[in-house]
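J.: sequence and predicted structure, then a few things I'm wondering about:
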Amino acid sequence: MKLKHVVATLAAMSVSAFGASITVTNNQGPVNTQSVVDNSGAAVEGGFAAIGTFDVAQLATLSSGADLDAAFSVFDGATGTVGTQTIFSGVYNFSNNGADITTTGFSGPIHLVIGNGADLASSTEAAILEIGSFPTSEPAVSTIFVNNATATPFLGDFDTFTLQPATIPRQNPALRLAAIPEPSSSLLIGLAGLSLLIRRRR
């Protein structure tokens, strides 16, 4: 075997040994699936979901989907959609395929961000959850089932709704998205007043 082939093989083994393939889902069957619902309690269809890291300090100044998008760093390829899968509504199931965590040696909390739009920038409602952490010293191939016992919400919350299809309707926890905070009306009035003062001084 040529030396270059040995080097290539060792490099491939190194990547696979320290890679992290994480699948994120809320679809656990008729009893444990906790659907994503909007602020009115309707299951989200056509929403956006991704895993990565979120700058929690930015929550205080969050005022739009664009702000949410700017404060979130998605792991490469770790995006999915929220919608109907099999008989369940408001569900997601996607993986990062080992891409970004492997190449950057990531260590820290893993965040799941969900929006009601086709992407975060166009979303008006969202949820931000911490779903675990990844130390660089430990390879990980795992599935994270996101529910009210495994996730810590920073925006949005778990509530109870009758959503699961069944002969007899039953209540089950669901993840309710929260409206992305908009600038307060008092702030907008203050800005308008400031602009009038500037005009008068001119």
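T.: Here it is on my side, so go on.
J.: contacts for stretch 59-77 next, please.
T.: Contacts with stretch 59-77, where a contact means CB atoms under 8 Å, 6 or more residues apart in numbering, come from 50-55, 58, 95-97, 99-101, 103, 106, 111, 113, 115, 117, 119-124, 126, 128, 154-155, 180-183. For every residue, glycine as well, the C-beta is placed using N, CA and C.
J.: ends of it, what's the gap?
T.: With CA to CA, to the nearest Å as the measure, stretch 59-77 spans 24 Å from end to end.
J.: what comes up buried for that stretch?
T.: By 16 or more other CB atoms under 10 Å, the buried positions in stretch 59-77 come out as 62, 64-65, 67-69, 71-72, 74-75.
J.: cool, and stretch 117-132?
T.: Counting neighbours by 16+ other CB under 10 Å, one finds that the buried residues in stretch 117-132 are 117, 120, 123, 125-132.
J.: which stretches of the protein form strands?
T.: Secondary structure of the chain, counting by DSSP state E: strands at 20-25, 36-37, 47-54, 72-85, 88-91, 93-95, 108-115, 125-134, 140-145, 152-155, 157-161, 172-176, 178-179.
J.: can I get those strands in TSV including mean pLDDT?
T.: Compiled in TSV, the strands of the chain are given as follows (pLDDT from 0 to 100):
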stretch	mean pLDDT
strand 20-25	84
strand 36-37	92
strand 47-54	94
strand 72-85	88
strand 88-91	87
strand 93-95	91
strand 108-115	93
strand 125-134	92
strand 140-145	80
strand 152-155	95
strand 157-161	84
strand 172-176	86
strand 178-179	95
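J.: surely F145 and T23 touch.
T.: No - contact criterion CB atoms under 8 Å: F145 and T23 do not qualify, at 9.4 Å.
J.: give the contact list for the nearest residue to P153 once chain neighbours are set aside.
T.: Once flanking residues are discounted, P153 sits nearest to L129: 5.0 Å by CB to CB, 6 or more residues apart in numbering. When contacts are counted by CB under 8 Å, 6+ apart, L129 is found next to 111-114, 146, 151-154, 156, 175.
J.: quickly list what L129 is bridged to.
T.: In this entry, L129 is beta-bridged to L112, P153, by DSSP bridges.
J.: and it, how close does it get to P30?
T.: Counting by CB to CB, to the nearest Å, the gap between L129 and P30 amounts to 23 Å.
J.: please apply the same query to I114.
T.: As judged by CB to CB, I114 and P30 stand 22 Å apart.
J.: re earlier: just the buried ones from the contacts of L129?
T.: Among those, those scoring as buried are 111-114, 146, 151, 153, 156, 175 (criterion: 16+ other CB under 10 Å).
J.: which pair in those residues spans the largest distance?
T.: Taking CB to CB as the measure, the buried ones among the contacts of L129 span a maximum distance of 13.9 Å, between H111 and L175.
J.: so V37 makes contact with R176?
T.: Yes - taking contacts as CB under 8 Å, V37 lies within contact range of R176: 5.3 Å.
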